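Colleague: build me a model from this:
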Amino acid sequence: MKDDRLLEMRIFKAVVEAGGFTAAAHALNVSQPFVSQTINSLERRLGVQLLHRSTRTQRLTSEGEGFLISCNELLDAVEQAEARIRSSEPTGDLRVSVPQAFGIDQIVPALPGFLAAYPKLTVRFSLSDSQVNLIEDNFDVAVRMGQLQDSSLRSRKLCELQRVVVAAPAYIDRHGVPVTPQGLARHHCLVWDAPREHLNRWPFMINGKLEKVLVQGGFRSTDGSTLFALCVDGIGIMRCAEHLALPAIRAGKLVAVLSDYQARDDTAIYAVYLPERQLVPRIRAFVDYFVGVFAQPPWQAPVP
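Modeller: Residues are numbered from 1 along each chain as shown. This is a model prediction of the structure:
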């Protein structure tokens, strides 16, 4: 049976320390309604009011003051208990969320080695291009691509993330190749749908300056694997992550286009986790292992 009492205590403590529900939500990187619902549920279960609320401020009730002392003592005890086992062998459930295309292409092939190295772990693995909330969705660690938003999460960079504009030879045979970034307006581009529409502004170096060109196309998707498959099938031009693009280029399935205008991305691939979980053995094991896997990205390895 799921027991959320420690989570309720942590959120209650954050509300008191931050001075409000909104500030606590920001500190915990969760939604304000989630914080409010958690405190309301806690008060209903205990049968007492812990906080006096007004439109401008809030203060602890006498019951809330006593409960806060108990929360601090219990949460400190949990931290001390975990500290005693942090040097032990990783065990238990490890819940991981990774982006679909990168996960299937790069994380999944490395999982057998990870599982062999840590046989006492049970891995619960989720493939999704949605950005999960580690607290609300109950994940230990998530792999994220791009630029990290400011948050209370800790992160380790796994590797740089670069993208390349590519097309299949079949597409080029039918439609030709764009000579300049502006020429993309006359071509079919494979584009992202919300919430990743910002990726449809492709950066190029034009006359020594970085410029972004908004591309359009008749097919949109939230799934990078689908866009890549259609690109290989000759449906359109795509700006594709190197982990997919470079092996396909070497295999002759894709051709790099507009290489003279190639811009370097200021982005990376990260593992993110809650700050208080950074030394938990199972999380540390996963992060350290994949930092090692991508120290030399497999897709950049020279062809033997």
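Colleague: just to check, Leu227 is in contact with Cys189?
Modeller: No: because the distance of 9.8 Å does not satisfy C-beta atoms under 8 Å, Leu227 is recorded as not touching Cys189. Yep, even glycine has a C-beta here, placed from its N, CA and C like the rest.
Colleague: quick check: neighbours shared by the two?
Modeller: Shared between the contact lists of Leu227 and Cys189 (criterion: C-beta atoms under 8 Å, 6 or more residues apart in numbering) are residues Met238.
Colleague: show me how this structure divides into domains.
Modeller: Using automatic domain parsing, the domain ranges for the chain come out as 5-85, 92-160+267-300, 163-261.
Colleague: and Pro203, how many residues sit next to it?
Modeller: With neighbours defined by other C-beta atoms under 10 Å, the count for Pro203 comes to 18.
Colleague: equivalent analysis for Pro195, please.
Modeller: Look at Pro195: counted by other C-beta under 10 Å, it has 10 neighbours.
Colleague: and the helix or strand of the chain with the lowest mean pLDDT, what does it pack onto?
Modeller: For the chain, using mean pLDDT, DSSP states H and E, the weakest element among its helices and strands is helix 62-85, scoring a mean of 82. In terms of contacts (3 or more C-beta pairs under 8 Å, 6 or more residues apart in numbering; DSSP states H and E), helix 62-85 is packed against helix 5-18.
Colleague: the helix it packs on relative to helix 62-85, how many degrees between them?
Modeller: Interaxial angle, helix 5-18 versus helix 62-85 (axes from the mean of the first three to the mean of the last three C-alpha atoms, to 10 degrees): 120 degrees.
Colleague: and the pLDDT at the most centrally placed residue in the chain?
Modeller: By C-alpha atoms, centre = their mean, the mean C-alpha position of the chain lies nearest to Arg144, the distance being 2.6 Å. Model confidence at Arg144, given as pLDDT, is 91.
Colleague: does it touch Gln131 like I think?
Modeller: Yes: with contacts defined as C-beta under 8 Å, Arg144 counts as touching Gln131 at a distance of 7.0 Å.
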